[in-house]
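Engineer: What shape does this take:
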Amino acid sequence: MTQIKKPKANVYDDPSSFFYQLASNSLKDLELSPLTMISVSINNRSYFVKEDTSILEACKLIGIIIPRFCYHESLSIAGNCRMCLVEIENSPKPAVSCYTLVAEDLSIFLNTPVVKKARENIIEFLLLNHPLDCPICDQGGECDLQDQVKIFGSSYSRFFFPKRVVEDKNVGPLIKTIMTRCIHCTRCVRFGSEIAGVEKLGTLGRGKTTEIGSYVKNFFSSEISGNVIDLCPVGALTSKPYAFQSRPWELKSIESIDLTDGLGSNIYVNFKGSDIFRILPKNNINLNANIISDKIRFSYDSLKKQRINNFSFKFFDKNTSTFIQKQIDYKSILEHIKSKIRANILIIINEELSIETLLILKFYSNKKNKVSIRKLKNSNNTSNFYTNPLNSVKDILNKSIRNCFLISCNIRLENTILNSKIRIKSLTEQTFVYGFNNKFKSVFPVKFINFNIFSILNFISGKNSSLSSILYYFHNPLILLNSNYFVFENINLIKNLFLKVNSSSILLDIKSFSNSVGIDLLNIKPLNTTDFIKSKSINFCIGLEDSAFLRKNLLKNSNINNIWLNSYKSELAFKSNIIIPIESDFEKKGTFINLEGRSQKSLRIIKNVYTKTLNDLLESFLKRNSNTLFDKNRFINPEFENVENSFLFDSLQTTFIKKIKLNSFYKNSFFYNYSFKSFNEDFYVTNNFTKNSNTMSQCSRHLRKNSTNF
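Structural biologist: Just a heads-up that it's a prediction; the model follows:
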């Protein structure tokens with residue numbers, strides 16, 4: 001490839017062609033329409049509100065709350081609960097405020113006798129068949145129906161007949177259903193069809209026989225299915241793991257972030273004492289909005305399962321001629337480790353350690369101390385280089401996107417929150433999605449093309465006439481890729497080529513772990529087999545998962561002491577010389593950098609009495625002087641300062657491409673002739689924390705039984 005060739009543009013120069021009109025429309029979408037305000041009267045007071053908004057939304061922005069059940073900001077308008085009725089001047093009957101738009105000089109009344117009587121009638125109608133089981137309902141204390149009955153309902157009922165009973169549905173291991181409580185707001189139905197992409201729920205029957213269910217008995221199988229629990233205004237849909245565990249007013253709440261993927265969704269953790277009872281989403285419009293994945297919502301039970309609670313070391317018993325694990329106190333194990341440390345220490349870490357822990361390790365990772373730190377990376381990426389994240393998640397919703405390219409990433413499994421945003425984009429703005437990887441069952445229409453690295457370079461350089469035209473001439477193409485499937489030269493060249501041919505490209509690198517960006521920022525190199533060959537006195541294995549690769553390389557040399565620092569038990573842990581318990585995700589605090597370069601804090605929710613803080617352990621083992629001051633910037637990749645200057649996109653010419661030597665990295669990339677394949681096949685068990693969760697194991701079991709919609 002000697003020169004970037006653009007396809008012929010005669011199709012786009014013709015005003016009558018489809019491509020010319022579509023490209024023109026995408027540019028027109030960028031033009032901001034002026035904000036038009038109109039005057040309305042609400043309860044005899046004048047307000048200026050935005051045009052083309054509903055009465056309910058206008059009142060909400062002013063600060064006036066109108067009761068409702070079916071309306072939700074993230075869903076389409078249904079208008080079927082009729083709780084939001086208001087009176088409009090000169091109108092023959094009350095109007096549905098969530099569906100009625102404001103108009104110039106409109107007079108609205110919210111507290112007239114007609115409106116109050118209408119609300120009382122709606123509440124009375126909803127309570128006709130509603131069970132009186134509020135004392136045992138998990139929604140008690142947080143129920144919209146309870147609150148609105150207290151404020152807007154009447155003190156008596158005119159119904160004296162037997163209540164209707166609806167059979168409960170089995171929708172999976174995560175959601176508990178009590179359908180007799182259902183008020184048919186259809187929030188769950190609209191969430192499944194509009195956001196989750198699982199159209200399994202619907203409205204059956206009509207009149208008094210109406211109920212929510214599915215035509216065929218099936219599970220509500222979605223990676224974000226737990227969010228219907230938050231959407232349900234009554235206790236019809238509740239959490240199965242949380243059932244009958246606690247009451248909402250007994251729980252304390254603290255903010256934290258999701259450490260099960262690279263996005264870092266904001267969450268609320270509800271706990272009591274030393275136990276976590278539930279996890280709820282925190283609304284962050286720039287990141288995860290008001291939804292979270294099922295992994296972080298339900299995997300907290302792993303804090304009590306398969307934990308390492310004792311310090312122990314392995315010794316040889318002469319009587320039995322076997323190795324035995326013996327428990328030991330912290331001071332003794334510290335002295336034992338210090339006596340074993342001589343030189344050439346290898347520290348192997350995962351990509352879920354905080355920035356503070358990494359800085360401690362980098363402080364000792366030098367040639368003088370003969371301490372080397374490596375990250376365990378199960379991918380084809382054999383080199384390491386930090387590139388500044390180019391775009392943010394909010395760009396996906398803020399900009400007009402007509403085309404999206406998925407390169408070597410199964411977005412549904414690797415980042416389900418971004419997957420839901422792309423689905424919303426594809427439905428509302430008619431965004432076309434192209435997948436350059438193996439086919440997977442997506443929740444939005446995708447045109448799959450089995451590409452490899454060589455084909456992608458041809459696609460970028462304009463040799464693919466149909467797809468290259470879309471990349472070159474349409475504004476704001478969204479490009480999602482997973483750098484785990486590329487070697488260093490591949491990923492940096494491809495990123496720069498995309499922005500060279502179309503500077504308006506929105507490019508996001510999907511990360512599978514919570515601090516992959518921070519690992520690259522601190523220039524920590526991946527582990528390879530040559531690191532084990534060098535003579536070592538001791539191997540520190542921090543937060544690693546048991547794998548055949550580690551067993552083969554860690555256990556082959558009996559003269560090297562393997563120190564296993566982890567939160568959970570495994571076969572490799574019991575084969576290690578020393579076992580040290582450390583804190584898990586909700587027991588540690590630190591700074592993590594997500595896939596868009598956003599720095600976020602994770603707080604310690606609970607404290608485990610059996611574990612020591614990892615930072616304290618490392619400082620004790622490595623004998624760090626507490627009075628030593630060090631600069632964080634000295635551990636950052638030395639080439640990071642020159643990234644912007646060395647990779648300016650306007651200087652990417654033929655000479656630069658020759659300098660990269662395209663054929664040279666093909667030799668180091670054995671897979672360049674083969675199509676991309678996802679390494680993540682099970683959404684529910686992706687790291688050490690989720691693999692030790694019973695709830696996630698049940699979900700994974702349903703997945704293997706083909707009871708999901710994958």
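
Engineer: Going by C-alpha atoms from here, please, whenever you check contacts or count neighbours.
Structural biologist: Fine.

Engineer: low-confidence ranges in the stretch 551-700 of the chain?
Structural biologist: Along the stretch 551-700 of the chain, the model assigns pLDDT under 70 to residues 623-679.

Engineer: ranges for the strands of it?
Structural biologist: Secondary structure of the stretch 551-700 of the chain (DSSP state E, counting those that start in this stretch): strands at 561-566, 578-581, 590-593, 599-602.

Engineer: before we move on, what about the stretch 151-300 of the chain?
Structural biologist: Under DSSP E, counting those that start in this stretch, the stretch 151-300 of the chain gives strands at 175-177, 202-204, 211-213, 237-239, 252-257, 266-272, 275-281.

Engineer: Pick the most buried one from the strands of the stretch 551-700 of the chain.
Structural biologist: strand 578-581 (a mean of 25; mean count of other Cα atoms under 10 Å).

Engineer: What strands line up against that strand, and which way round?
Structural biologist: When sheet partners are counted by DSSP bridges, strand 578-581 sits next to strand 312-317 (antiparallel), strand 561-566 (parallel).

Engineer: Using TSV, please lay out these together with distance to residue 223.
Structural biologist: As requested, the strands paired with strand 578-581 are exported to TSV (distance: least, Cα to Cα, whole Å):
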stretch	distance to residue 223
strand 312-317	38
strand 561-566	27
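
Engineer: between the ones you listed, which one is nearest to residue 257?
Structural biologist: Between residue 257 and the strands paired with strand 578-581, the shortest gap by Cα to Cα is with strand 561-566, which sits at 20.7 Å.

Engineer: quick one: that closest one to chain centroid distance?
Structural biologist: 30 Å (Cα atoms, centre = their mean, to the nearest Å).

Engineer: Stretch 214-221 now?
Structural biologist: Between the centre of stretch 214-221 and the centre of its chain there are 25 Å (Cα atoms, centre = their mean).

Engineer: Ok, stretch 396-414 next?
Structural biologist: Distance, stretch centre to chain centre, for stretch 396-414: 14 Å (Cα atoms, centre = their mean).

Engineer: okay, how far is it across that stretch, tip to tip?
Structural biologist: Terminal residues of stretch 396-414 lie 17 Å apart, using Cα to Cα, to the nearest Å.

Engineer: what mean pLDDT does that stretch have?
Structural biologist: Mean pLDDT, computed over stretch 396-414, is 84.

Engineer: Can you tell me the SS state at residue 433?
Structural biologist: strand (DSSP: H, G, I helix; E, B strand; the rest coil).

Engineer: Between the two ends of stretch 132-152, how far is it?
Structural biologist: Stretch 132-152: ends 18 Å apart by Cα to Cα.

Engineer: what mean pLDDT does it have?
Structural biologist: Averaged over stretch 132-152, pLDDT sits at 90.

Engineer: Return the distance of it from the chain's centre.
Structural biologist: Taking Cα atoms, centre = their mean, one finds the center of stretch 132-152 at 31 Å from the center of the full chain.

Engineer: give me the low-pLDDT residue ranges for the stretch 251-400 of the chain?
Structural biologist: In the stretch 251-400 of the chain, residues with pLDDT under 70: 315-323, 342-343, 366-369, 377-390.

Engineer: check contacts around the closest residue to residue 364 other than its chain neighbours.
Structural biologist: Distances taken as Cα to Cα, 6 or more residues apart in numbering put residue 371 closest to residue 364, at 6.3 Å, once the chain neighbours are dropped. Residue 371 makes contact with 343-347, 364-365, according to Cα atoms under 8 Å, 6 or more residues apart in numbering.

Engineer: switch the cut-off to 10 Å
Structural biologist: 343-347, 361-365, 536, 538, 622 (Cα atoms under 10 Å, 6 or more residues apart in numbering).

Engineer: Buried subset of these, written for PyMOL?
Structural biologist: Selection of buried members from the contacts of residue 371 for PyMOL, criterion 16 or more other Cα atoms under 10 Å:
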select buried, resi 344+345+346+347+361+362+363+364+365+536+538+622
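
Engineer: before we move on, the earlier item: the strands of the stretch 151-300 of the chain: which one's closest to residue 139?
Structural biologist: Per Cα to Cα, nearest to residue 139 of the strands of the stretch 151-300 of the chain: strand 237-239, 7.3 Å.

Engineer: who does that closest one touch, helix- and strand-wise?
Structural biologist: strand 175-177, helix 227-231 (3 or more Cα pairs under 10 Å, 6 or more residues apart in numbering; DSSP states H and E).

Engineer: Mind listing the strands the first one pairs with, and their directions?
Structural biologist: Within its sheet, and counting by DSSP bridges, strand 175-177 is paired with strand 237-239 (antiparallel).

Engineer: which residue sits closest to residue 164, ignoring its sequence neighbours?
Structural biologist: Counting by Cα to Cα, 6+ apart, residue 129 is the residue found nearest to residue 164 once chain neighbours are left out, at 5.5 Å.

Engineer: Which residues are in contact with that neighbour?
Structural biologist: 159, 161-166, 180-183, 208.

Engineer: closest to residue 339 out of the strands paired with strand 578-581?
Structural biologist: Among the strands paired with strand 578-581, the nearest to residue 339 by Cα to Cα is strand 561-566 (11.3 Å).

Engineer: Keeping just the C-alphas, turn the closest one into PDB.
Structural biologist: In PDB, the C-alpha atoms belonging to strand 561-566 read as follows (Å, rounded to 0.1, in the frame of the first residue of the first chain):
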ATOM      1  CA  ASN A 561       8.900 -19.200  45.300                       C
ATOM      2  CA  ASN A 562       5.500 -18.300  44.000                       C
ATOM      3  CA  ILE A 563       3.500 -15.800  46.100                       C
ATOM      4  CA  TRP A 564      -0.200 -15.900  45.300                       C
ATOM      5  CA  LEU A 565      -2.000 -12.700  46.300                       C
ATOM      6  CA  ASN A 566      -5.700 -13.000  45.600                       C
END
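
Engineer: related to what we said a few turns ago, of the contacts of residue 371, which pair is most distant in space?
Structural biologist: Farthest-apart pair in the contacts of residue 371 is 363 and 536; separation 19.1 Å (Cα to Cα).

Engineer: Could you work out the end-to-end span of stretch 410-419 for me?
Structural biologist: 9 Å.

Engineer: Tell me which residues of that stretch come out buried.
Structural biologist: 410-419.

Engineer: List just the nearest of these to residue 249.
Structural biologist: residue 417 (29.3 Å).

Engineer: Spit out the contact partners of that closest one.
Structural biologist: Contacts for residue 417 (Cα under 10 Å, 6+ apart) come out as 195-196, 223-224, 263, 265, 287-289, 291-293, 411, 423.

Engineer: do residue 310 as well
Structural biologist: By Cα under 10 Å, 6+ apart, the neighbours of residue 310 are 326-330, 579-582, 610-611.

Engineer: quick one: it and residue 689, what's the gap?
Structural biologist: Using Cα to Cα, residue 310 is found at 19 Å from residue 689.

Engineer: ok, now residue 591?
Structural biologist: Noted for residue 591: a distance of 18 Å to residue 689, by Cα to Cα.

Engineer: Any figure for the gap between residue 416 and residue 473?
Structural biologist: Distance, residue 416 to residue 473, using Cα to Cα: 29 Å.

Engineer: Help me confirm that residue 101 comes into contact with residue 59.
Structural biologist: No. Using Cα atoms under 10 Å, residue 101 is not in contact with residue 59, being 11.6 Å away.

Engineer: Would you mind listing the residues touching both of these two?
Structural biologist: Contacts common to residue 101 and residue 59, judged by Cα under 10 Å, 6+ apart, are residue 53.
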